[in-house]
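Student: Below are the sequence and a predicted model for it; my questions follow.
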Amino acid sequence: MAETASQDPAALSYEQARDELVQVVTRLEQGGITLEESLQLWERGEALAARCEEWLLGARQRLEAARQGAPAGSDSGADA
């Protein structure tokens, strides 16, 4: 988490943001940290969750665009 924790969430890939978010949640669930650390982790987690949502929304839009652009019954994913 140390290498991505200092990065702007907007610069992270979906996988990086998701993996760090899992680590943040785990750390919060374990407890044993100060209120200030908890707040910082929570804020980071919110930013990471928003980044993941951006990626998923973009993927959903790309899928919809691909579905609308492909003729019915065609195998448009053959090259993917």
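Tutor: Noted; the coordinates are in hand. Residues are numbered from 1 along each chain as shown.
Student: residue ranges with poor pLDDT in this structure?
Tutor: 1-5, 70-80 (pLDDT under 70).
Student: Work out which residue lies at the spatial centre of it.
Tutor: C52 (2.2 Å; Cα atoms, centre = their mean).
Student: Leaving aside the residues adjacent along the chain, what's closest to that residue?
Tutor: A17 (5.1 Å; Cβ to Cβ, 6 or more residues apart in numbering). C-beta coordinates here come from the backbone N, C-alpha and C atoms, glycine included.
Student: same question, L28
Tutor: L41 (5.5 Å).
Student: three-state assignment of the one you found?
Tutor: helix (DSSP: H, G, I helix; E, B strand; the rest coil).
Student: Please report how far it lies from Q16.
Tutor: Between L41 and Q16 the distance is 17 Å, computed by Cβ to Cβ, to the nearest Å.
Student: which residues in this protein form helices?
Tutor: Remark: helices assigned in the chain by DSSP state H are 2-5, 14-30, 35-69.
Student: on that earlier part again, residues contacting the residue nearest to L28?
Tutor: By Cβ atoms under 8 Å, 6 or more residues apart in numbering, the residues touching L41 are V24, R27, L28, I33.
Student: could you flag which of those are buried?
Tutor: Neighbour-count burial (16 or more other Cβ atoms under 10 Å) applied to the contacts of L41 gives V24, R27.
Student: which of the contacts of L41 lies closest to E46?
Tutor: Nearest to E46, judged by Cβ to Cβ, of the contacts of L41 is V24 at 9.5 Å.
Student: Once you drop chain neighbours, what's closest to that closest one?
Tutor: V24's closest residue in space is G45 (Cβ to Cβ, 6+ apart), at 4.3 Å.
Student: these two touch, right, that neighbour and L28?
Tutor: Yes - judged on Cβ atoms under 8 Å, G45 makes contact with L28 at a distance of 7.3 Å.
Student: returning to that earlier point: pick the one among the contacts of L41 closest to A10.
Tutor: V24 (16.6 Å).
Student: residue contacts, that closest one?
Tutor: M1, L41, R44, G45, L48.
Student: Out of the residues you listed, which two sit at the greatest distance?
Tutor: Every pair of these checked by Cβ to Cβ; the farthest is M1 and G45, at 11.3 Å.
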